[in-house]
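Asker: Structure of the sequence below:
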Amino acid sequence: MQKITILIHCEDQKAIISSVTNYIAGIEGNIIYLDQHVDANENVFFMRLECEFNTQNWDLELIKKDFQTNLADKFNMSWEIYTQEYKPRMALFISKYDHCLYDILGRYSAGELPLEIPLIISNHEDLKSVAERFDIPFHHVPFNKNIKEEGEKQQIALLQEYNINFIVLARYMQIITPKLISLYKNKIINIHHSFLPAFPGAKPYHSAFARGVKIIGATSHYVTEELDEGPIIEQDITRVSHSHSIEDFIVKGRDLERNVLAKAIKLHAQRKTMVYNNKTVIFS
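Answerer: Coordinates of the predicted model:
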C-alpha cells in the first residue's frame, strides 16, 4: 500500500469535503484519517487527510495533475501532497546551550522523529563534539551584527548544498536575517520562554524568580521578521512557587523547552501544521 497526506485550504464553500472524499474513492483510494477546520471570521476552510492506495493503482504525478484539474481549480484551493516515504530534511542551528540539541538528537537516534538531520550549523564551536558523537556534519559559521552578511551567505549556501527543507533554532542565540526568513517562510522553528514579553533579556528565569511568578512556560513558533511574534505551534507551562530556587526555575524551564520544541518539530515533520494570518491550525 502507498500512503499520502493531503493538506488543503481555500475559501469556505459548499461541498468541499464531499467532493474531495468522492474523488479519493473514485480513484480507488481509502481515506484513513480526515480532519477539517473552518475559520468563521476569515471564512477559510482547512483540511488534512491521509489515504492509502493499492500499488497497482498508484501514479502520484497523475494523481496530482488530476487533483488540480478536478478539485483545486474548481474550489481555488491551495494544496500540498506528500508521500509517506518522504522525510523532510532539517537543519539545526545552535550556539552554546546543549539541552535542546541533545534532546532532539536523542529522539532522532531513537527513530521518534520522521525526518532527516543532514546538517548542524553553529556560530560557536563548543558543541562540535556533540555533532560528531551523533555522526552529523557540523559547520561553524561565525555570525554577529558586524559580519551577518557574510554569515548569511555561508548559511544559505550550506542549506542549499544539503537540500534543507526546514530549520530548527535549538537555542540559537542570533537573530535570523530577513533574507533567510523569506527563503524559508513558515519553515524556521524557534523555541523561547512564554514569559519573555514580560521578562526580556538574557536571564528571564532570574527576572521571573525576582518577580515571584507562579507559572513559567515555553513557546515554539515559526520565525518571522517580527522578533518572537511568529505563528505559535506548541506551548506548555509548569507551576512554580516561593519554595523554588533560580536553579529550579532553570531546570523546569529547560524541561519545558525540550518537550515543546520536540512536539513542534514532530508536528511540522508530520505535516500537521497550517499557517494562516500569523496563526496556526494544528491537526491531531
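
Asker: ok, now which ones touch Val44?
Answerer: The neighbours of Val44, taking C-beta atoms under 8 Å, 6 or more residues apart in numbering as the test, are His9, Cys10, Glu11, Asp12, Val38, Tyr276. Yep, even glycine has a C-beta here, placed from its N, CA and C like the rest.

Asker: quick one: the residue lying farthest from the centre of the chain from Asn278, how far?
Answerer: Here the centre of the chain is the reference, and by C-alpha atoms, centre = their mean the most remote residue is Ser243, at 35.2 Å. Using C-beta to C-beta, to the nearest Å, Ser243 is found at 38 Å from Asn278.

Asker: about what we covered before: run through the residues that contact the residue farthest from the centre of the chain.
Answerer: Contacts of Ser243 (C-beta under 8 Å, 6+ apart): none.

Asker: cool, Ala262 as well?
Answerer: Ala262 touches Asp103, Ile104, Arg107, Leu113, counting by C-beta under 8 Å, 6+ apart.

Asker: Most neighbours among these, please name it.
Answerer: Ile104 (25 neighbours; other C-beta atoms under 10 Å).

Asker: Show me the contact partners of the helix or strand hosting that one.
Answerer: Using DSSP states H and E, Ile104 maps to helix 99-109. Applying C-beta under 8 Å, 6+ apart, the set of residues contacting helix 99-109 from outside is 92, 94, 113, 115, 117, 120, 127, 130, 134, 136, 168, 170-171, 191, 254, 257-258, 261-262, 265.

Asker: Please apply the same query to stretch 218-229.
Answerer: 169, 175-176, 178, 181, 186-194, 196-197, 230-236, 253, 256-257, 259-261, 263-264, 275, 278, 280.

Asker: so of the residues you listed, which ones are in helices?
Answerer: Pro178, Ile181, Gly253, Leu256, Glu257, Asn259, Val260, Leu261, Lys263, Ala264 (DSSP state H).

Asker: Which one of those residues is nearest to Ile63?
Answerer: Ala264 (29.6 Å; C-beta to C-beta).

Asker: Got the confidence number for that closest one?
Answerer: Model confidence at Ala264, given as pLDDT, is 97.

Asker: dump the residue contacts of it.
Answerer: With C-beta under 8 Å, 6+ apart, Ala264 has these contacts: Ile189, Ile191, Ser220, His221, Ile233, Glu234.

Asker: follow-up on the earlier one: turn the contacts of Ala262 into a markdown table, columns for distance to Glu42.
Answerer: Formatted as a markdown table, the contacts of Ala262 follow (distance: C-beta to C-beta, whole Å):
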| residue | distance to Glu42 |
| --- | --- |
| Asp103 | 36 |
| Ile104 | 34 |
| Arg107 | 35 |
| Leu113 | 32 |
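
Asker: who's in contact with the helix or strand hosting Ala131?
Answerer: Using DSSP H and E, Ala131 maps to helix 128-133. Outside helix 128-133, the residues that touch it by C-beta under 8 Å, 6+ apart are Asp98, Leu101, Tyr102, Leu105, Ile120, Ser122, Pro137, Phe138, His140.

Asker: and that helix, C-alpha only, in CSV?
Answerer: Taking C-alpha atoms only, helix 128-133 is exported to CSV below (Å, rounded to 0.1, in the frame of the first residue of the first chain):
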residue,chain,number,x,y,z
LYS,A,128,31.0,20.3,17.6
SER,A,129,31.8,17.1,19.6
VAL,A,130,28.1,16.5,20.2
ALA,A,131,27.5,16.6,16.4
GLU,A,132,30.5,14.2,15.9
ARG,A,133,29.1,11.8,18.5
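
Asker: Point out the other helices and strands that the helix or strand just after it packs with.
Answerer: Following helix 128-133 in sequence order, the next helix or strand is strand 138-140 (DSSP H and E). Under the contact criterion of 3 or more C-beta pairs under 8 Å, 6 or more residues apart in numbering; DSSP states H and E, strand 138-140 touches strand 116-122, helix 128-133.
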